[in-house]
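[1] from the sequence below, what's the structure:
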Amino acid sequence: MRTVEIENLPVAAGGAVLDLGCGQGRHLHALNDTKTFYAIGADLNFEDLQAARHGIDIHQYTESITPGPHARRCYGLVAANALALPFADASFDAVICSEVLEHIPDYQSALDEIFRVLKPGGTLAVSVPRAWPEWICWKLSPNGYANSPGGHIRIFRASVLRKDIERRGLRFQRRHWAHGLHSPYWWLQCLLWDRKENSRAVSLYKRFLEWDILEQPLLTRILERLMSPLMGKSVVMYFGRTS
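    Okay, here's the model as predicted:
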């Protein structure tokens, strides 16, 4: 499941991209598939990094059996804290930070680190949960979703986050929304939070989303495109560093 549109990262062949808070590698897979640059995934969760490595290695092994134009892309993984990244200044041509900042108490320091490691002329792609779908989740499950360990600790307004980023010298480029089909799933989970693990409705909706991610049929792609501007779970913004 991709939130950031990889084609909006204008990175030349041989460039370097950081996926900060990469999790199990959903954007790393996309980077490996579509671009000819070096991708680094950074995350605090070592188990997620192991899962990312396993998934990418299996994918690359399959490509090595049937070589194509995108076979054997280069990538790396590192356990790292977003507040103290182990990279030199101006190391990356692009940085992806997708669904991460809402988990970090001192997200301003994380933005400082992102700016530090991004090259002049580089691109930042950042996504956070959209404010009003997230607000509904918090209201439906104030003692569950809103207080789950490692969960979201704030609701971002996109306009405020945009100003936070622009103050650091990055220029806003474009915005879109993502995962319109996912908002109702999270509302359903929050409504049934205490019994969601045993809910047939939650289970069926999850299976539908998994099927959609894997198969991407035309009908749901059309629905996703129509629903995302109206009720997309995430807002995605792109910025360029000018100096």
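[2] neighbours of Thr123, how many?
    22 (other CB atoms under 10 Å). Every residue, glycine included, has its C-beta placed from N, CA and C.
[3] what about the most centrally placed residue in the chain, distance to Ala178?
    Computing the C-alpha centroid of the chain and ranking residues by CA atoms, centre = their mean puts Ser98 first, at 2.7 Å. Distance, Ser98 to Ala178, by CB to CB, to the nearest Å: 9 Å.
[4] which residues do those two both contact?
    Here Ser98 and Ala178 have Thr3, Ser127, Ser234, Val236 as joint contacts, going by CB atoms under 8 Å, 6 or more residues apart in numbering.
[5] so which of those sit within strands?
    Using DSSP state E, Ser127, Ser234, Val236 are the members of those that sit in strands.
[6] ok, then the element right after the helix or strand of the chain with the lowest mean pLDDT?
    When the helices and strands of the chain are compared on mean pLDDT, DSSP states H and E, helix 46-65 comes out lowest with a mean of 74. Using DSSP states H and E, the helix or strand that follows helix 46-65 towards the C-terminus is strand 75-79.
[7] so what touches that next one?
    22, 28, 31-32, 38-44, 46, 49, 52-53, 56, 86.
[8] mind giving me the ChimeraX command for buried ones among the residues you listed?
    The buried residues among the contacts of strand 75-79 can be selected in ChimeraX (16 or more other CB atoms under 10 Å) with this line:
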select :22,28,31,32,38,39,40,41,42,43,49,52,53,56
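[9] quick check: end-to-end length of stretch 17-28?
    9 Å (CA to CA, to the nearest Å).
[10] test my guess that Trp187 contacts Leu140.
    Yes. Using CB atoms under 8 Å, Trp187 is in contact with Leu140, at 6.3 Å.
[11] and Ser125, how far is that from Met1?
    No, residue 125 isn't Ser; it's Ala. 15 Å.
[12] one more: Asp89?
    32 Å.
[13] those two - which one has more neighbours?
    Met1 (13 against 9).
[14] tell me the pLDDT at the closest residue to the more buried one other than its chain neighbours?
    Closest residue to Met1 apart from its sequence neighbours, by CB to CB, 6 or more residues apart in numbering: Ile213 at 5.2 Å. Looking at Ile213, its pLDDT stands at 93.
[15] also Ser98?
    98.
[16] check contacts around it.
    Contacts for Ser98 (CB under 8 Å, 6+ apart) come out as Thr3, Val4, Asp19, Gly21, His27, Ala125, Val126, Ser127, Ser234, Val236.
[17] filter those down to just the buried residues.
    Thr3, Val4, Asp19, Gly21, His27, Ala125, Val126, Ser127, Ser234, Val236.
[18] torsion angles phi and psi at Gly240?
    Here is the backbone geometry of Gly240 (degrees, to the nearest 10): phi -120, psi 140.
[19] do you know how far it is from Val11?
    12 Å.
[20] those two: which is more packed in?
    Val11 (20 against 16).
[21] confidence score at the more buried one?
    Val11 is assigned 91 on the pLDDT scale.
[22] check the residue nearest to it when sequence neighbours are not counted and give its pLDDT.
    Spatial nearest neighbour of Val11, excluding adjacent residues (CB to CB, 6+ apart): Asp93 at 4.6 Å. If you check Asp93, the pLDDT there is 97.
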